[in-house]
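> could you work out the structure for the sequence below:
(chains A, B, C and D)
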Number of protein chains: 2
Amino acid sequence: MNQIRVSIIEDDIIVRESLVNYLELKSEIGDIQAFSSVEDFEKNYINPTTILPDIIILDIQLPGKTGIQGIPIIKQIIPDTDIIMLTTFEDSEKIFDALCAGACSYLSKRSTLSSIFDCIITVSKGGSYMSPPIARKITQFFIKKNSIENPLTDRQMEIAQGIVDGLSYKMIANRLEISLDTVRTHIMQIYRTLNINCKGQLIKWALNNKIH
Amino acid sequence: MNQIRVSIIEDDIIVRESLVNYLELKSEIGDIQAFSSVEDFEKNYINPTTILPDIIILDIQLPGKTGIQGIPIIKQIIPDTDIIMLTTFEDSEKIFDALCAGACSYLSKRSTLSSIFDCIITVSKGGSYMSPPIARKITQFFIKKNSIENPLTDRQMEIAQGIVDGLSYKMIANRLEISLDTVRTHIMQIYRTLNINCKGQLIKWALNNKIH
DNA sequence: TAGTGCATCACATCAAAATGTGATTGATTT
DNA sequence: AAATCAATCACATTTTGATGTGATGCACTA
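The predicted model follows:
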């Protein structure tokens, strides 16, 4: 197997150097490049003949552009690269922002060097690795949707589903074979129950909860 | 530290026994229970004095109720337990269904016994562990949302945000300090651009894409 | 400089939604 | 037996939404 080319973008010189020194000893890894900012990284890859990294280890807190802002830039230069975030931040928002932007793994800086190495190997094999506390936050993201118990009756859910499907009251009435007025009554009741006052909020509620 | 109590729900006797035999050797783990179906598991916990497991290893393909159907049942009996899925299925749908239902980890049956053990330890510490290919599928779930580039202008996004927030056109006009007619014009333009024809679809689009 | 895209506003019309009050039926619970 | 709740339907009013046509000012670009 070819050696894995790794770039590190990290402003903290101690972290950066210790990572470089550690990874240099690994036979699986070759051609390690280190940068202290996204801008630095960009400069180096203006020349299209430059050898591109397979994997990038990216800090979030950087001078100039943040790591998260850097992800789309990096992806533009090297669309096929895999990005591993390595940061002190463990709040859900940053994690989701990074994943949405296109990071494939997210490591806490509290991770050991050997687990960072494991992550690189895992990612190079097409997998993905998360620090356990971060993985837990991600699983919790999925859970919450079902945890709120549904305060609507079955019939009300059918009405709500119609709304989410973009149907007019009239069409819902046809679909469920009831009168337009009944649909109205149901909807008013739904609004009361959910403490909302318009269709928009109902759709939002539905999409954030049960209905897909 | 106390020993971790583990229950295994797995119909394949070979998998089940090898797992039990392996885990019994581990000093971190005590009180291993094994069941061949969710129904079996339920029966055992009718008596409220039964010692409850900290962690449950759950197969998806089971006789009777599936593992995914079993999750809410298990959570009802033992709300605080952590559920690790251990299955041959690696398709996104099953993974997301399991996570939405409340599983906190998801392991491929191709995982080694030692990585299953690692997973148990990780989960018992409040973390979460995914097999690398599964973790990759989860990260991809997040990516796609942003990959569609936003066809709306900044101003149009502000209007759309108003709609998502459940405001009427009039309220949006007030918020952005423009006339009601301008809001209307923007919305018509948005509908054209997104190829939709009502508020509901716009909200759906927005929630499935950028806006939270 | 002419063209294009974006944001702004106005006028007009019809369809749809929001909201209230009131009433009936059947099932379930107390 | 009485009360409650879910689901059904009717009538009436006001507000909001959908849609079209037309026009102005600004910034950017070919």
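> pLDDT score assigned to the most centrally placed residue in chain A?
Nearest to the geometric centre of chain A sits A:Leu99, at 2.5 Å (CA atoms, centre = their mean). In this prediction, A:Leu99 carries a pLDDT score of 91.
> A:Asp31 now?
A:Asp31 is given a pLDDT of 89.
> that one contacts A:Val20, doesn't it?
No - if you go by CB atoms under 8 Å, A:Asp31 and A:Val20 don't touch, sitting 11.6 Å apart. Any C-beta I mention is one placed from the backbone N, CA and C, and that applies to glycine too.
> which parts of stretch A:172-187 are buried?
A:Ile172, A:Ala173, A:Leu176, A:Ile178, A:Val183, A:His186, A:Ile187 (16 or more other CB atoms under 10 Å in any protein chain shown).
> tell me the secondary structure at the fourth one.
For A:Ile178, the reduced secondary structure class is coil; criterion used: DSSP: H, G, I helix; E, B strand; the rest coil.
> so what touches stretch A:100-108?
Outside stretch A:100-108, the residues that touch it by CB atoms under 8 Å, 6 or more residues apart in numbering or on different chains are A:58, A:68, A:71-72, A:75, A:82-88, A:90, A:95, A:98-99, A:115-116, A:119, A:122-123, A:128-131, A:133-134, B:135-136, B:139, B:142-143, B:145-147.
> same thing but at 6 Å, please
A:68, A:71, A:75, A:82-86, A:90, A:95, A:119, A:123, A:128-131, A:134, B:139, B:142-143, B:145-146 (CB atoms under 6 Å, 6 or more residues apart in numbering or on different chains).
> for that stretch, the distance to its chain's centre please.
On the basis of CA atoms, centre = their mean, to the nearest Å, stretch A:100-108 is displaced by 7 Å from the centre of the chain it belongs to.
> endpoint to endpoint, it covers what distance?
Chord length of stretch A:100-108, first to last residue, is 18 Å (CA to CA, to the nearest Å).
> for the residue located most distally from the centre of chain A, give its distance to B:Val123.
Here chain A reaches farthest from its C-alpha mean at A:Ser179, the gap being 43.9 Å by CA atoms, centre = their mean. As for A:Ser179, its distance to B:Val123 is 53 Å (criterion: CB to CB, to the nearest Å).
> and what of A:Leu152?
34 Å.
> helices and strands around the worst-scoring helix or strand of chain A on mean pLDDT, which ones?
In chain A, no helix or strand scores lower on mean pLDDT, DSSP states H and E than helix A:132-147, which sits at a mean of 80. Here helix A:132-147 touches helix A:92-101, helix B:92-101, going by 3 or more CB pairs under 6 Å, 6 or more residues apart in numbering or on different chains; DSSP states H and E.
> how about the first one: buried residues?
Using 16+ other CB under 10 Å as the burial criterion, the residues of helix A:92-101 that qualify are A:Lys94, A:Ile95, A:Phe96, A:Asp97, A:Ala98, A:Leu99, A:Cys100, A:Ala101.
> nearest residue to A:Gln61 other than its sequence neighbours?
Counting by CB to CB, 6 or more residues apart in numbering or on different chains, A:Thr87 is the residue found nearest to A:Gln61 once chain neighbours are left out, at 6.8 Å.
> neighbours around the one you found, how many?
By other CB atoms under 10 Å in any protein chain shown, 22 other residues sit near A:Thr87.
> residue contacts, A:Ile4?
A:Glu28, A:Ile29, A:Asp54, A:Ser124.
> let me redo that: A:Thr139
B:Leu99, B:Cys104, B:Ser128.
> apply 10 Å and report the result again.
A:130, B:82-83, B:98-100, B:102-106, B:127-130, B:138 (CB atoms under 10 Å, 6 or more residues apart in numbering or on different chains).
> what residues does chain A have near DNA strand D?
A:153-156, A:176, A:178-179, A:181-182, A:184-186, A:198 (CB under 7 Å from any atom of the strand).
> so A:Asp181 sits against A:Ile172, correct?
No - with contact defined as CB atoms under 10 Å, A:Asp181 does not count as touching A:Ile172 (11.9 Å).
> let's verify A:Tyr22: helix, strand, or coil?
helix.
> what sits closest to it if chain neighbours are left out?
A:Leu113 (4.7 Å).
> torsion angles phi and psi at the nearest residue to A:Lys109 once chain neighbours are set aside?
Distance criterion CB to CB, 6+ apart; nearest residue to A:Lys109, sequence neighbours excluded, is A:Thr88 at 4.8 Å. The phi/psi pair for A:Thr88 (degrees, to the nearest 10) reads phi -80, psi -20.
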